[in-house]
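>>> turn this into a structure:
(one chain, ligands or ions: 2)
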Amino acid sequence: MGRVASAEGDLRRVIGDGELVPDGEVGGLGPDDLLALHRDLVLLRPYDERSVVYHRQGRIGTYAIFWNHEAMQAGAVFALEDRDWVFPAYRESAIGLLRGMPVSTVLSWWRGHPAGWWDPREFNVASICVPIATQIPHAVGFAWGSALKGEDRVALTFFGDGATSEGSFHEGLTFAGVTKAPVVLFCNNNQWAISTPLAAQTAATALADKAVGYGIPSVRVDGGDVLAVYEATRDAVARARAGDGPTFVEAVTYRAAPHATADDPSLYIDPERVDEERENECVGRFERYLQRAGILTEEHAAEVRAEVHELMRAGIAEAEAEPPPDVGLVFEHAYASPPPTLAHELEELRRVLGG
Ligand SMILES: Cc1ncc(C[n+]2csc(CCOP(=O)(O)OP(=O)(O)O)c2C)c(N)n1
Ligand SMILES: [Mg+2]
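Ligands and ions are numbered 1, 2, ... in the order given. Below is the predicted model:
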């Protein structure tokens, strides 16, 4: 059973606990903004929960669960302008929903259907990177290029604690620091890389400390506190826009769900810590904050949940109504001049599939 150090004393927080720790406020966010942020959180939660069900029903493939990561995702994207770009990993597969991407597109991606391939320029959301940390150099290169072209765009990339051990992380942060690229390096530190605990990943006290070596400032924030995430990211975005370069945001949480639908964490995770996280999960935390502030009523919360569940129902119906893709797609786009053997294999595949 891997036990990891929590080291949570120095995390930035805004949301109190309703008892001893008082609620803070984020300047510039009025009630309408707070309700918009609440809707973003609530949009992601049923998407995630329904996806696990759809996987069990055999309607989507293996799925990377992001339950209780919603505050990091929604809080960070809320701090961006629409012209800014997001570079997600598989954990942020549904991040496009926050930019108006249809639910059916994301579900189609998990169904392995080409209807799940979107044009990144339509939503300013790059393709999902599954090879760990490869999205970091993409985001840095994009941000640097935008700055050279004189565009006012910031790039934000999400990656995990495990990603900080990858070469792409080192290459990306080296470039970001030297070029002062307008990029936000957002680390979702859920303290696990599948079954590898943070303590086996690094001997650093905090992942944020790694940024020092690249000349990049960093901040540590409670990843379950959507307002603290928003505020830290907003500051990072402001630095980037002002030409002051990258910021590393380390959002600390504890993975409270399996890594993916193919994982059994009971073999390695700390069940008591998971229970603690689940009890203090991020959507409920924000809802209680909004209720204490008199901004959210139970009726409004129920309406938003119902609306989002309806979006999910329509989304899976739309994804399943897509006609099967042509198998020839498997063979396209890899070669400018495909070798003759491929044509032969395609022919054979069509014969086997009877198409
Ligand atoms: C380059 C590469 N190596 C290994 C893997 C297999 N793999 C998939 S997820 C994962 C763990 C990543 O953990 P972390 O970066 O903490 O992200 P999290 O899944 O916790 O969000 C690994 C090693 C991969 N996808 N890519
Ligand atoms: Mg992780």
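
>>> state the distance from the closest residue to ligand 2 within the chain to ligand 1.
Nearest residue of the chain to ligand 2: Gly160, at 3.5 Å (CB to the ion). Every residue, glycine included, has its C-beta placed from N, CA and C. Relative to ligand 1, Gly160 is positioned 2 Å away (CB to the nearest ligand atom, to the nearest Å).

>>> how about Val21, what does it touch?
Residues in contact with Val21, defined by CB atoms under 8 Å, 6 or more residues apart in numbering, are Arg13.

>>> oh, I was asking about His55
61-63, 110, 261.

>>> residue numbers of the protein in contact with ligand 1?
91, 130-132, 160-163, 188, 190, 192-194, 259 (CB under 6 Å from any ligand atom).

>>> beta partners of Phe158?
In this entry, Phe158 is beta-bridged to Phe186, by DSSP bridges.

>>> what about it, how many neighbours?
For Phe158, the neighbour count with other CB atoms under 10 Å is 29.

>>> low-confidence ranges, the chain, go.
1-9, 355 (pLDDT under 70).

>>> let's go with 90 and repeat that
Where the chain drops to pLDDT under 90, the residues are 1-10, 329-336, 338, 353-355.

>>> middle-most residue in it, spatially?
Nearest residue to the geometric centre of the chain (CA atoms, centre = their mean): Glu92, 2.8 Å.

>>> for Ala314, see how far away that one is.
Per CB to CB, to the nearest Å, Glu92 is found 22 Å from Ala314.

>>> so the residue of the chain closest to ligand 2 makes contact with Phe186?
No - counting by CB atoms under 8 Å, Gly160 does not reach Phe186; the two are 10.3 Å apart.

>>> between the two, which is the more surrounded one?
Set side by side, Gly160 and Phe186 show more neighbours around Phe186, with 30 against 26, by other CB under 10 Å.

>>> so who does that one touch?
72, 76, 156-159, 233, 249, 251.

>>> over to Phe66?
Phe66 neighbours (CB under 8 Å, 6+ apart): 44, 48, 73, 91-94, 257.

>>> want to throw these into a markdown table with secondary structure?
Output for those, formatted as a markdown table (DSSP: H, G, I helix; E, B strand; the rest coil):
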| residue | secondary structure |
| --- | --- |
| Leu44 | helix |
| Asp48 | helix |
| Gln73 | helix |
| Arg91 | helix |
| Glu92 | helix |
| Ser93 | coil |
| Ala94 | coil |
| Ala257 | coil |
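
>>> let me know the closest of these to ligand 1.
Arg91 (4.0 Å; CB to the nearest ligand atom).

>>> tell me the spacing between the closest one and Leu107.
16 Å.

>>> give me the more crowded residue out of those two.
Taking neighbours as other CB under 10 Å, Arg91 and Leu107 compare with Leu107 leading, 29 against 22.

>>> mind giving me the packing neighbours of the helix or strand hosting the more buried one?
If you go by DSSP states H and E, Leu107 is part of helix 103-110. Helices and strands touching helix 103-110, by 3 or more CB pairs under 8 Å, 6 or more residues apart in numbering; DSSP states H and E, are helix 31-56, helix 298-321.

>>> tabulate the ones you listed (a markdown table), appending distance to ligand 2.
Shown next, in a markdown table, are the helices and strands packed on helix 103-110 (distance: least, CB to the ion, whole Å):
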| stretch | distance to ligand 2 |
| --- | --- |
| helix 31-56 | 16 |
| helix 298-321 | 26 |
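
>>> most tightly packed of the ones you listed?
Of all those, helix 31-56 has the most neighbours on average by mean count of other CB atoms under 10 Å, namely a mean of 18.

>>> all strands in the chain, in order from the N-terminus.
85-87, 155-160, 183-189, 192-193, 196-197, 218-222, 247-252 (DSSP state E).

>>> can you put those strands in CSV and add distance to Asp326?
Formatted as CSV, these follow (distance: least, CB to CB, whole Å):
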stretch, distance to Asp326
strand 85-87, 30
strand 155-160, 33
strand 183-189, 36
strand 192-193, 37
strand 196-197, 40
strand 218-222, 46
strand 247-252, 41
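
>>> can you tell me which of the ones you listed is nearest to His138?
strand 85-87 (5.5 Å; CB to CB).

>>> flag every buried residue along the closest one.
Neighbour counts over strand 85-87 (16 or more other CB atoms under 10 Å) mark 85-87 as buried.

>>> can you list the helices and strands that it packs against?
Partner elements for strand 85-87 (3+ CB pairs under 8 Å, 6+ apart): helix 135-148, strand 155-160.

>>> try 10 Å
Under the contact definition 3 or more CB pairs under 10 Å, 6 or more residues apart in numbering; DSSP states H and E, strand 85-87 sits against helix 70-78, helix 120-123, helix 135-148, strand 155-160, strand 183-189.

>>> make a markdown table from those and add distance to Leu11 to it.
Shown next, in a markdown table, are those (distance: least, CB to CB, whole Å):
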| stretch | distance to Leu11 |
| --- | --- |
| helix 70-78 | 13 |
| helix 120-123 | 31 |
| helix 135-148 | 23 |
| strand 155-160 | 17 |
| strand 183-189 | 10 |
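
>>> closest one to Gln291 among those?
helix 70-78 (16.6 Å).

>>> output the contacting helices and strands for that closest one.
Contacts defined by 3+ CB pairs under 10 Å, 6+ apart place helix 70-78 against helix 31-56, strand 85-87, strand 155-160, strand 183-189, strand 218-222, helix 226-241, strand 247-252, helix 282-292.
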